[in-house]
Structure formats: structure tokens, C-alpha cells
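Visitor: next one to model:
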Amino acid sequence: MARAPLFTTRLASYCMAFAWGAISLSMGLKAVVYQNQLKSSLRRAVAPNGITLRLVTNNLVHPAIACEVFCVLTFVAGLIALVGLFVDKCNTRKAIQLQAYLFTFLTAALFATCIPVSNAIRTLAVEAWAWTADGTAISAEDLAATVASLGVNPQYRHLPYLLYFGIIPWFAFLFSLTSAVVSFIAANKVKDSAYAAEPTKREMAQADGIQTV
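Guide: Numbering: from 1, shown residues only. Have a look, this model is predicted:
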């Protein structure tokens, strides 16, 4: 099997794209679990006071879902590209160009989805409403004081796993970008038929037989 062009560089870049896509997925899932646990603990904490608490995080969840989708796709694309390095048919010029276009798309998509996630975590907070047992709405000031007394800051940037999720996907974006760049460079180093035209052992033996005759 012929050595794939820019083998070591592509191996490193694809591996990092694969790894950071997986890490981003993991952090996203942990953030969801942490968020749900936090909501449950706050509701239980105010329940003895006869307070019904409603917590909404749609201002972060919606952009985060889109970001997670492309992190998963980066993970899958990185894995496929890694395997393809060891398969001759995946190292033709057209195949490598296809990988380059795929990583370019993922880079643009990650950039477009990471920005709103990072912005939401930096500037927004959990939206909260509360009512007493008789249905009277609790003012925002009283609610904020109650939440603060429980030792919780509702701003996303003060919630650990959510803060990490605002950072980690940018690494997936970075290595998706490097994977696109090295793929385009590798494609330019390969002739259209460099791998497809590589003779098999049987063909080489037949050619040697013809030459001997």
C-alpha cells in the first residue's frame, strides 16, 4: 500500500478533530445532566416554603443543540478520515478533496453555532418565574434574593459545566479547520490516478512474465 500524502500531518489533525468532537459531545451531555440536577435541587429547596419554581433555559438550549449536532458530525468525520488514511481508495485526489469539502462545511457550521452558544453563556442567565401556594407571582427581585440565598448564581457563566461547554467546541472548530487545510494541500499533491492505478502483485507478476518471454 502506498503511503498517503501528508500522512503524519493528516493523522494528527484528523485525530484531534475526532477527539475534540467526542469531548465536545461529552461536555454537552454533562452540561444537560448538570442543568437538570440544578433545576431539581432548586425546586426541592424552595418547595418547603410553598413556592412553585419554573426554570427555562431555552435561550441556551436551542443554539447548544445545533452546536452539538455539528460536534457529533465532526467526531464522525474525523473517525472516517482516520480510517481512510489506511485505505488506498480513500487517498485518491477526489476522495481527499471530498474530505476537505466536508471539513470546510463543518468548520463553517461550527463557527456559526459556537458564536451564539458562547455569547449566551457569557451574557445570559436562566429565566425563572415563581408563585406562592395561593398562585401569587413572586417579584423578580424577591426571586433573585431567594435564589442567591441558596448559593446559586443563575448566570450561565457561573455554572461550571455550561462555562466549559462555551469553550470546548471551539477546539473542535479549530481542528476541523486544520483538517480542511491539510486535506486541500494533500489533494494537490496527489495525481488523479495515483492510487487507483497502482499495480497489484498479480499484474506485476504478469508484466514480469511478458518481459521474460
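Visitor: list the contacts for the residue most central in space within the chain?
Guide: Geometric centre of the chain, nearest residue: Cys71, 2.0 Å, by C-alpha atoms, centre = their mean. By C-beta atoms under 8 Å, 6 or more residues apart in numbering, the residues touching Cys71 are 21, 24-25, 28, 110, 169, 172. C-beta: built from backbone N, CA, C; applies to glycine.
Visitor: what's the answer for Ala187, then?
Guide: Ala187 neighbours (C-beta under 8 Å, 6+ apart): 93, 96-97, 100.
Visitor: how near is it to Gly50?
Guide: Remark: distance between Ala187 and Gly50 (C-beta to C-beta, to the nearest Å) = 66 Å.
Visitor: do the same with Thr178
Guide: 56 Å.
Visitor: which of the two has more neighbours?
Guide: Thr178 (18 against 10; other C-beta atoms under 10 Å).
Visitor: how about the CA coordinates for stretch 167-184, as PDB?
Guide: C-alpha atoms of stretch 167-184 as PDB (Å, rounded to 0.1, in the frame of the first residue of the first chain):
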ATOM      1  CA  ILE A 167     -15.200  26.900  25.300                       C
ATOM      2  CA  ILE A 168     -14.600  23.200  24.300                       C
ATOM      3  CA  PRO A 169     -16.500  23.200  20.900                       C
ATOM      4  CA  TRP A 170     -14.100  25.900  19.700                       C
ATOM      5  CA  PHE A 171     -11.300  23.300  19.800                       C
ATOM      6  CA  ALA A 172     -13.500  21.100  17.500                       C
ATOM      7  CA  PHE A 173     -13.800  24.100  15.200                       C
ATOM      8  CA  LEU A 174     -10.000  24.700  15.200                       C
ATOM      9  CA  PHE A 175      -9.100  21.100  14.300                       C
ATOM     10  CA  SER A 176     -11.900  20.900  11.800                       C
ATOM     11  CA  LEU A 177     -10.300  23.900  10.100                       C
ATOM     12  CA  THR A 178      -6.800  22.400  10.200                       C
ATOM     13  CA  SER A 179      -8.200  19.100   8.800                       C
ATOM     14  CA  ALA A 180      -9.800  21.000   5.900                       C
ATOM     15  CA  VAL A 181      -6.500  22.900   5.200                       C
ATOM     16  CA  VAL A 182      -4.200  19.800   5.200                       C
ATOM     17  CA  SER A 183      -6.800  17.900   3.100                       C
ATOM     18  CA  PHE A 184      -6.700  20.500   0.400                       C
END
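Visitor: in that stretch, what counts as buried?
Guide: Residues 168-184 are the ones in stretch 167-184 that count as buried (16 or more other C-beta atoms under 10 Å).
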